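Colleague: Requesting a structural model of the entry that follows:
(2 chains)
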Amino acid sequence: MTKPLSKPKRKNPIVRTRLPTVPATTRARYTQGITAAAARGVFALQRCEDCSTIQYPPREACANCLSVRLRWREVDGAGELIARTTIRYGFELYFRERAPWPTGIVKLDCGPNVIVGLHQDCAPPPARVRVIAALDKGGQTILIAIPEKDTPSMEDDPILRETTSDPKFRKVLVTDAKSAVGAAVVEALIGAGADYVWAGVAEPWKVSRHLERIRQLPQVTVVPLDVTEETSVRKLAGNIGGKVDILINTAEYHRVENLAHSQGAETARAEMETNYFGLLRLAQWFGPALRSRAADGQSSATAWVNILSIYALSNFPAHSTFSASKAAAYSLSQSLRAAMQPSGIRVINVFPGPIDDEWNQLLLPPKLAPAALAAAVITALKRGIEDVYPGDVAQEWLARFLDNPKALERELAG
Amino acid sequence: MSATNPTVLTDLLAHLSTGSVCIVDLTQTLSPDFPAIVLPPEVGQCAPIRIEEISRYDGRGPGWYWNNLSFGEHTGTHFDAPIHWITGRDLPNNATDTIAPERFIAPACVIDCTREAAADPDYLMPVEKITAFEQQHGRIPDGAWVLMRTDWSKRTDPVAYQNMDETGQHTPGPGVDAVRFLIEERDVIGFGTETIGTDAGQAAHLRPPYPCHAMMHGSGRYGLQCLTNLDMLPPTGALIVAPPLKIRQGSGSPLRVIALVTATSL
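Modeller: Model (predicted):
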């Protein structure tokens, strides 16, 4: 049984902090469909459109009928563990440092045999297991077999921990805790066992009922942070940057500007200052600090979360400038992901549909409750999901976008 | 202009060098840390003060340090021109670039409302406070700044300085009748405060709303706000130097406000 994590001892300050290493980060392009799905928390394999064979590993043609008409389809990970071994030595630094690696072969019910990392709670073969696709520290997919039924503290298994960013016992910075979403994220983090939450507050003279709800919680420390101001970001990074394990950027400026009726650029500029330049400043000042602590023991630095918007994918003209600022932030977040990749810090992008707040008042439901968004963030951290589309609207828009982005553009215009 | 009587300025320089005339800085430091005016979120917002490094003897510019500045016209210690308010929009010479420079130097009367403001953050200075001031210090001369001293600038905590609750801001300012009196009976050049506006925090509820803005600017007068060190000025006798930036059609401007004070009056 998995031994539950306990609160880590304080770090020995005279021992060198271990530098991060990551597994190989390059894979052939035709294999990337598995990662595209795993980034959303989905296990997908290639399915032949002609003979219906589901195959693994990914190939450029069907191993059964040689058809090139292969499509990535979500598959059920149920299967049987048929063999296991333990890899005790790895040539690559990452694997060497973390050996031994329990490894196995699972025969999936949907067809192929797959090589998996083994959760320690899996019974010896033959045993029923579930296979999940997870992103490793290098951002590529590994398959992990977990027990058929949940076991106590199963999330604390070493292999799962390598692919997830559980906030338990971790120290988290929430960049804006005054908003409904920010306060909900703080509450959800504490519910998930976070050790310590820094709650960023800009313009402290503006009273926020959301902040008042959380500021007295024992795990919460209110810190001044205005992402539109470089000195503010720099000062806080100097004070706590070397201690933050997870950064969750909830800072957002949202006004309802429709280009058809809008006047002047100042509102759009203010949105960019927070939504785009704010992320840039945070990345410049907190990014290096997180990277340097990415292998710093049990509670290492592990993740960076951006609350973006589904409007980042395709502009919602009723909220023209907000959409554009989120698209800019999305673009920058991809660059942040590239910058973080050598350290294994996961950059998680969250693309909610309209949130149930004052700036979306005139939109019809369904609207995403701040608490639901916060719960999706926690789930993404715990499961190692990289791209999160919480709620019905986000899911539906994503499906339309993936199917035909031009059609979505036309639909949103109408 | 003739140079027949240069002694006034040489005398002034002599007084400055001996310290018999002192300069008092009435300006808050222009900084992102200084609070910004708060408006309802659905209307256009004043850009906050931002100071972004271009280079600091580093790879971006090895031998020099400099910043890019950005801010709204109404940030920090700042000047309000008549064009700022709709009541003053059609007046001649109503903007920072067209106001005659002679208007930037004027005497000041400082009315001490410290006790009243400490007792009531929503204090509205009435006419009686002005007449009482005049009984003690003489009539306010035409063309003078009237500065309302509240010691509000001593509230260095931005939260206490802004003093907001769910009904908005609670800061002192002039009453409607006092504003009317200063314009119609005393022909002041403008009104100055230590708070974030020349009007009280709750002045939206007065009739007219924001009387100091509406009436002062509507009659071609100016405003100074976010002043500090008013406690270092005598009730009368100080000379205020307050030239705003020459912004084209500027509605206001952050500025350095200084006061010349004779040492004997301190």
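Colleague: which residues touch the residue of chain A found nearest chain B?
Modeller: Nearest to chain B, among the residues of chain A, is residue A:205, at 3.5 Å (CB to the nearest CB). For glycine as for every other residue, the C-beta is placed from the backbone atoms N, C-alpha and C. By CB atoms under 8 Å, 6 or more residues apart in numbering or on different chains, the contact set of residue A:205 is B:35, B:38, B:158, B:159, B:161, B:162, B:163, B:164.
Colleague: ok, whatever residue of chain B ends up closest to chain A - how many residues close by?
Modeller: Evaluated by CB to the nearest CB, chain B has residue B:162 as its residue closest to chain A, separated by 3.5 Å. Residue B:162: 23 surrounding residues under other CB atoms under 10 Å in any protein chain shown.
Colleague: Wait, it touches residue B:196, no?
Modeller: Yes - with contacts counted by CB atoms under 8 Å, residue B:162 reaches residue B:196, the gap being 7.0 Å.
Colleague: any shared contact partners between those two?
Modeller: Joint contacts of residue B:162 and residue B:196 (CB under 8 Å, 6+ apart) are B:35, B:169, B:171.
Colleague: Specify which member of those residues is nearest to residue A:182.
Modeller: residue B:35 (20.9 Å; CB to CB).
Colleague: Distance check, the residue of chain B most remote from its centre against residue A:2.
Modeller: Residue farthest from the centre of chain B, counting by CA atoms, centre = their mean, is residue B:59 at 40.1 Å. Distance from residue B:59 to residue A:2, counting by CB to CB, to the nearest Å: 49 Å.
Colleague: right, and residue B:252 touches residue B:84 too?
Modeller: Yes - contact criterion CB under 8 Å: residue B:252 and residue B:84 qualify, at 5.4 Å.
Colleague: Now for the two: what residues contact both?
Modeller: B:74, B:223.
Colleague: can you pull the contacts of the closest residue to residue A:93 other than its chain neighbours?
Modeller: Nearest residue to residue A:93 in three dimensions, chain neighbours excluded: residue A:21, at 4.4 Å (CB to CB, 6 or more residues apart in numbering or on different chains). Contacts for residue A:21 (CB under 8 Å, 6+ apart) come out as A:92, A:93, A:94, A:97, A:295, A:344.
Colleague: what's the helix or strand for the fourth one?
Modeller: Taking DSSP states H and E as the criterion, the element that holds residue A:97 is helix A:93-98.
Colleague: The helix or strand following that helix pairs with which strands, parallel or anti?
Modeller: From helix A:93-98 onward toward the C-terminus, using DSSP H and E, the following helix or strand is strand A:101-108. When sheet partners are counted by DSSP bridges, strand A:101-108 sits next to strand A:78-87 (antiparallel), strand A:113-118 (antiparallel).
Colleague: just the ones you listed: most buried one?
Modeller: strand A:113-118 (a mean of 20; mean count of other CB atoms under 10 Å in any protein chain shown).
Colleague: quick one: contacts of that one?
Modeller: Counting by CB under 8 Å, 6+ apart, A:56, A:79, A:81-82, A:84, A:101-108, A:129, A:131, A:142-145, A:159 sit against strand A:113-118.
Colleague: Just the buried subset of those, please.
Modeller: In terms of neighbour count (16 or more other CB atoms under 10 Å in any protein chain shown), the buried residues within the contacts of strand A:113-118 are A:56, A:79, A:81, A:84, A:101-108, A:129, A:131, A:142-145, A:159.
Colleague: so what's residue B:177 up against?
Modeller: Neighbours of residue B:177 in contact, by CB under 8 Å, 6+ apart: B:126, B:127.
Colleague: Please identify the buried residues of stretch A:90-98?
Modeller: A:94, A:95, A:98.
Colleague: Could you dump those residues into JSON lines and include pLDDT and distance to chain B?
Modeller: Below are the buried residues of stretch A:90-98 laid out as JSON lines (pLDDT from 0 to 100; distance: CB to the nearest CB, whole Å):
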{"residue": "A:94", "pLDDT": "95", "distance to chain B": "33"}
{"residue": "A:95", "pLDDT": "94", "distance to chain B": "38"}
{"residue": "A:98", "pLDDT": "93", "distance to chain B": "37"}
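Colleague: What is the neighbour count of residue 255?
Modeller: No chain in the question, so chain A it is. 18.
Colleague: that's the wrong chain, I meant chain B
Modeller: Neighbour tally, residue B:255, other CB under 10 Å: 20.
Colleague: thought residue B:69 was touching residue B:47?
Modeller: No - assessed by CB under 8 Å, residue B:69 is found out of contact with residue B:47, at 10.6 Å.
Colleague: okay, the two: which has more neighbours?
Modeller: Set residue B:69 next to residue B:47 and count neighbours by other CB under 10 Å: residue B:47 wins out with 18 against 11.
Colleague: pLDDT weak spots in the chain?
Modeller: Looking at chain A here, since you left the chain open. Chain A contains no residues with pLDDT under 70.
Colleague: My question was about chain B, not that one.
Modeller: B:1-5, B:265-266.
Colleague: at 90 what do you get?
Modeller: B:1-6, B:263-266 (pLDDT under 90).
Colleague: ok, now which ones touch the residue nearest to residue B:134 when sequence neighbours are not counted?
Modeller: Using CB to CB, 6+ apart and skipping residues adjacent in sequence, the residue nearest residue B:134 is residue B:140, 6.3 Å away. Counting by CB under 8 Å, 6+ apart, residue B:140 makes contact with B:109, B:130, B:133, B:134, B:146, B:182, B:186, B:188.
Colleague: Same question for residue A:353.
Modeller: By CB under 8 Å, 6+ apart, the neighbours of residue A:353 are A:310, A:366, A:367, A:368, A:390, A:391, A:392, A:393, A:394, A:397.
Colleague: That one should be in a helix, yeah?
Modeller: No - counting by DSSP: H, G, I helix; E, B strand; the rest coil, one finds residue A:353 to be coil, located in no helix.
Colleague: Could you report the separation of it from residue A:413?
Modeller: Counting by CB to CB - residue A:353 and residue A:413 are separated by 18 Å.
Colleague: and if you look at residue B:133?
Modeller: On the measure of CB to CB, residue B:133 and residue A:413 end up 64 Å apart.
Colleague: Between these two, tell me which one has more neighbours.
Modeller: More neighbours surround residue B:133 than the other of residue B:133 and residue A:413, with 21 against 10 (other CB under 10 Å).
Colleague: That one contacts residue B:113, correct?
Modeller: No - counting by CB under 8 Å, residue B:133 stays clear of residue B:113, with 9.7 Å between them.
Colleague: neighbours around residue A:279, how many?
Modeller: Residues near residue A:279, counting by other CB under 10 Å: 24.
Colleague: And residue B:51, by the same measure?
Modeller: 15.
Colleague: Which residues lie in contact with it in this structure?
Modeller: By CB under 8 Å, 6+ apart, the neighbours of residue B:51 are A:231, B:31, B:32, B:67, B:68, B:69.
Colleague: one more time with 10 Å
Modeller: Residues near residue B:51 by CB atoms under 10 Å, 6 or more residues apart in numbering or on different chains: A:229, A:230, A:231, B:30, B:31, B:32, B:67, B:68, B:69, B:70, B:71.
Colleague: Alright, that wraps it up for me.
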